[in-house]
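1. The amino acid sequence is not available; the structure is as follows:
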């Protein structure tokens, strides 16, 4: 197949420091297996439908499951992001990811339970909260049920925010406690005020225009079919797919 994806030698060298050590029997070709894992996630395939060039489907799935449980894919993204220059400006936002019926079925609790799936006006969804640099490259992710507010995601990500001078966000994050916490961290908020505010909030409108880059990032993530539609019941597995996509598209 001419459209198969293969990681380059340079990309493999950048990823190799995050691979777990092999104990006993050497692992099957890392480049072939990891390329196959990326291909399956990008195209939304069942593991059994992976092209034969990537080797046995069971090998791909076992590596995907084992490394996902170990947090390897999340460490890849966070490690490569941490190696980049410290951002002067960061951004925060959230998006909905549609949950397929296979992710919500089989004795799940009402509302998705600990699967982080909740009912919204658009149906059953998961919400992905993200922090990016000024170029829209993901630095941190947090996942919640679809009906969870942006405030909850912001609160969860506050402690892990990198040092920065500015934070850009839409008016959904306009809360006094959030603004004060940012200032305590030495970060200046660039957030429009809600229309319900008695006094208008001043913000840098020119700087705020750059916020569309985080929305572009979400759009690019959803180009991966296994992310645009959530098929995985386990939230950790789904978050691994998101981290892998972010690594390949923004950090390699």
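-> Noted; the coordinates are in hand. As the structure is a computational prediction, the values presented were derived from the model and not from experiment.
2. what ranges do the helices span in the stretch 101-250 of the chain?
-> 101-104, 150-158, 176-184, 205-208, 212-221, 225-228, 235-246 (DSSP state H, counting those that start in this stretch).
3. Deepest-packed of those helices, please.
-> Here the criterion is mean neighbour count by mean count of other Cβ atoms under 10 Å, and of the helices of the stretch 101-250 of the chain the winner is helix 235-246, at a mean of 22. Backbone N, C-alpha and C define where each C-beta goes, glycine included.
4. Give me the mean pLDDT for that helix.
-> Taken as a whole, helix 235-246 carries a mean pLDDT of 95.
5. Determine how far that helix lies from the middle of the whole chain.
-> Centroid separation between helix 235-246 and its chain, computed with Cα atoms, centre = their mean, to the nearest Å, is 6 Å.
6. Likewise for stretch 81-94?
-> Centre-to-centre, stretch 81-94 and its host chain are 13 Å apart (Cα atoms, centre = their mean).
7. how's this structure carved up into domains?
-> Domain assignment of the chain by automatic domain parsing yields the ranges 9-70, 86-231.
8. Tabulate those (a markdown table), appending distance to residue 252 and mean pLDDT.
-> Output for the domains of the chain, formatted as a markdown table (distance: least, Cβ to Cβ, whole Å; pLDDT from 0 to 100):
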| stretch | distance to residue 252 | mean pLDDT |
| --- | --- | --- |
| domain 9-70 | 5 | 93 |
| domain 86-231 | 11 | 90 |
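9. Let me have the ones you listed in CSV, extended by distance to residue 250.
-> Compiled in CSV, those are given as follows (distance: least, Cβ to Cβ, whole Å):
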stretch, distance to residue 250
domain 9-70, 13
domain 86-231, 4
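10. Out of those domains, which is closest to residue 245?
-> With Cβ to Cβ as the criterion, residue 245 lies closest to domain 86-231 of these, at 4.6 Å.
11. What's the end-to-end length of the closest one?
-> Separation of the first and last residues of domain 86-231 by Cα to Cα, to the nearest Å is 35 Å.
12. Nearest to residue 244, out of the domains of the chain?
-> Closest to residue 244 of the domains of the chain is domain 9-70 (Cβ to Cβ; 6.1 Å).
13. End to end on the closest one, go ahead and measure it.
-> End-to-end distance for domain 9-70: 24 Å, by Cα to Cα.
14. Over to stretch 77-86?
-> Start-to-end span of stretch 77-86 (Cα to Cα) is 15 Å.
15. buried set for that stretch?
-> By neighbour count with 16 or more other Cβ atoms under 10 Å, stretch 77-86 contains the buried residues 77, 78, 80, 81.
16. farthest-separated two in these?
-> 78 and 80 (7.6 Å).
17. Residue 237: which of the domains of the chain is closest?
-> Residue 237 sits nearest to domain 9-70 of all those, at 5.3 Å, using Cβ to Cβ.
18. Return the residues in contact with residue 240.
-> 64, 67, 68, 73, 74 (Cβ atoms under 8 Å, 6 or more residues apart in numbering).
19. Which strands and helices lie in contact with the helix or strand where residue 59 lies?
-> Assessed by DSSP states H and E, residue 59 sits inside helix 57-69. Packing contacts for helix 57-69, counted by 3 or more Cβ pairs under 8 Å, 6 or more residues apart in numbering; DSSP states H and E, involve helix 30-43, helix 235-246.
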